[in-house]
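Asks: Just to be clear, the model below is a prediction. Sequence and coordinates:
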Amino acid sequence: MMKKRFLVSLASLLLVSGLLLAGCNSAKTSEGSGKVTLTFGTSQSGIPRTGIMQTMAKEYEQETGVKIDFQVVPDAQWRDLIKVKLASGEAPDIFNVDVDPLSMPANVRPEENAIDLTNEEFAGRMSEEILPTVSHNDKVYGVSFAPSKIWYVYYNKRIFNELGIEPPTTYAEFKAISEKIKAQDIIPFYQAPASGWYQVLPLFETGPNYEHTTPGTYEKLNNNEMKVADLTQLRTVIEQLKEFADLGYFGKDFLSNTVEAGIEAFGQEKAAMLLRVPGTEKEVSEAYPAMEDNMGFFVMPWGDNQTIGVNPGGSAAMFGNKNSKHPEEVLKFFRWITEHDNLQRVFDGGEGNLTICWPEIEPKLTQDYIDYEKNHEKGTVMQAAVKYIDPQWMDIGKDISGMFAGAMTPDQILQNIDKRRAEQAKVLKDEAWQ
């Protein structure tokens with residue numbers, strides 16, 4: 001029965017992949033034009049929603065005659081879809097994959113699937129922090145524009161001031177201010193389970209707090225000397241997420257919310273708080289000018305966390321398909337997009353990120369962020385420091401959505417995480433799990 005279900009699921013996924021990425025298996029020639037078209041597969045959040053990449057790609061086509069055909073897939077489907085495409089040899093010429101030092105080799109299998117970029121001039125200009133996330137066995141395979149990502153809770157200052165509330169530093173305070181906000185018929189905290197990944201952030205972005213409280217936690221997890229289910233703090237965070245849902249602090253019918261709709265809800269003051277990254281102020285205020293200077297931020301207080309979680313990989317990276325029919329065209333595009341002026345354009349035209357993983361580009365961190373970081377401890381997020389967490393991110397997202405709907409318990413979520421970790425470890429022949 002399990003085998004039958006697996007085959008049915010795989011067949012469904014292959015069908016979806018055929019519909020979503022039809023015609024983007026490899027570089028192709030436009031009919032009658034003689035021009036090369038490179039397919040670029042990515043999730044919705046893999047490239048800026050501002051459209052800067054597409055705009056620049058059109059200019060690149062005018063300069064070179066090489067067209068970049070973007071195939072944008074919903075976040076909830078992309079991770080499984082690109083795995084299937086890579087396994088079948090039908091991946092796009094350029095593909096975006098979320099990266100971190102632990103999961104990239106397993107997710108991409110770069111020696112089989114990615115063009116070696118080690119000797120490219122631009123590979124030596126990326127920051128030392130990002131290189132481990134796009135490298136394997138001392139070879140560079142990916143190109144990233146990501147900042148070191150930090151997820152803060154952003155809040156509406158006007159709403160907070162009118163209600164006489166302050167940014168919370170404990171879960172009890174977080175819960176108390178949410179109750180006051182809800183009483184005003186405003187959604188306290190915007191949650192987006194429909195995107196598949198957003199609801200997972202509180203579990204692992206607060207990982208530095210677990211490590212801070214019990215030093216050596218990450219090492220024990222990596223050596224299989226303890227289970228994720230043994231992390232009482234993580235269980236507490238999951239239980240608190242469930243409590244927020246049950247108390248209505250995510251709003252009604254929130255299970256259908258997407259990440260993309262969060263800016264609108266926050267900008268229109270329908271929601272008082274949401275999770276975002278530095279630079280959110282620019283994106284929100286550009287769309288909703290009345291929100292300018294009306295946004296503050298604080299570290300997410302799930303589990304009484306007060307440690308800033310830093311993800312050195314941060315986001316997606318571009319990889320060139322080793323099996324593309326036009327690898328040289330892929331390399332030329334990478335060389336072009338990483339020229340200094342073009343890096344600056346990607347940075348300036350993005351969603352407001354205040355840093356980028358290219359030291360030659362000056363960051364835009366404001367004094368508020370600089371001061372806040374000085375007053376708080378930092379640590380590496382769990383998914384970038386503990387093995388076999390990031391590859392199952394979307395599966396965990398499904399489990400959490402199931403919990404919100406009343407179909408799963410926090411204990412079952414933790415047990416599933418450990419089960420999947422063990423399965424992945426055995427596939428990779430990790431000695432700690434032998």
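Replies: Good, I have the coordinates.

Asks: how about Gly411, what does it touch?
Replies: I think there's a mix-up here, since residue 411 is Asp and not Gly. Neighbour list for Asp411: Ala229, Arg235 [criterion: CB atoms under 8 Å, 6 or more residues apart in numbering]. Using the backbone N, CA and C atoms, a C-beta is placed for each residue, glycine as well.

Asks: can you tell me the helix or strand for it?
Replies: Using DSSP states H and E, Asp411 sits in helix 410-427.

Asks: Just the buried residues of that helix, please?
Replies: Using 16 or more other CB atoms under 10 Å as the test for burial, helix 410-427 gives Pro410, Ile413, Leu414, Gln415, Asn416, Ile417, Asp418, Arg420, Arg421, Gln424, Ala425.

Asks: Closest to Ile356 out of those residues?
Replies: Proximity of the buried residues of helix 410-427 to Ile356 (CB to CB) peaks at Gln424, which lies at 31.1 Å.

Asks: Please name the nearest non-neighbouring residue to the closest one.
Replies: What sits nearest to Gln424 in space, not counting adjacent residues and going by CB to CB, 6 or more residues apart in numbering, is Tyr388, at 4.4 Å.

Asks: these two touch, right, that neighbour and Asp418?
Replies: No - Tyr388 is not in contact with Asp418 according to CB atoms under 8 Å; the separation is 9.5 Å.

Asks: any idea how far the closest residue to Thr42 other than its chain neighbours lies from Ala87?
Replies: The spatial neighbour of Thr42 that comes closest, neighbours along the chain excluded (CB to CB, 6+ apart), is Asn96 at 3.8 Å. As judged by CB to CB, to the nearest Å, Asn96 and Ala87 stand 17 Å apart.

Asks: Give me the residue at the spatial middle of this protein.
Replies: Note on the chain: the residue nearest the mean C-alpha position is Ser315, at 5.1 Å, using CA atoms, centre = their mean.

Asks: residues contacting it?
Replies: Ser45, Gly46, Asp98, Val99, Ser144, Phe145, Ala146, Pro147, Lys149.

Asks: looking at the residues you listed, which has the most residues close by?
Replies: Greatest neighbour count in the contacts of Ser315, by other CB atoms under 10 Å, goes to Val99: 30 neighbours.

Asks: What does that residue show for phi and psi?
Replies: Here is the backbone geometry of Val99 (degrees, to the nearest 10): phi -130, psi 150.

Asks: my guess is it meets Met318, correct?
Replies: No - using CB under 8 Å, Val99 is not in contact with Met318; the gap is 10.0 Å.

Asks: shared neighbours, these two?
Replies: Residues touching both Val99 and Met318 by CB under 8 Å, 6+ apart: Gly142, Ser144.

Asks: before we move on, the earlier item: the residue nearest to the centre of the chain and Ala192: what is the separation?
Replies: 17 Å.

Asks: in what helix or strand does the closest residue to Val381 other than its chain neighbours lie?
Replies: In this structure, Val381 finds its nearest non-sequential neighbour in Gly309, 4.3 Å apart by CB to CB, 6+ apart. Using DSSP H and E, Gly309 maps to strand 308-310.

Asks: helix or strand right after that strand?
Replies: Using DSSP H and E, the helix or strand that follows strand 308-310 in sequence is strand 316-320.

Asks: That following strand: partners in the sheet, and parallel or antiparallel?
Replies: Strand 316-320 has the following strand partners under DSSP bridges: strand 94-98 (antiparallel), strand 142-144 (antiparallel).

Asks: Could I get the buried residue list for whatever helix or strand comes next after that strand?
Replies: As assigned by DSSP H and E, the chain's next helix or strand after strand 316-320 is helix 327-337. By neighbour count on 16+ other CB under 10 Å, the buried set for helix 327-337 is Pro327, Glu329, Val330, Phe333, Phe334, Trp336, Ile337.
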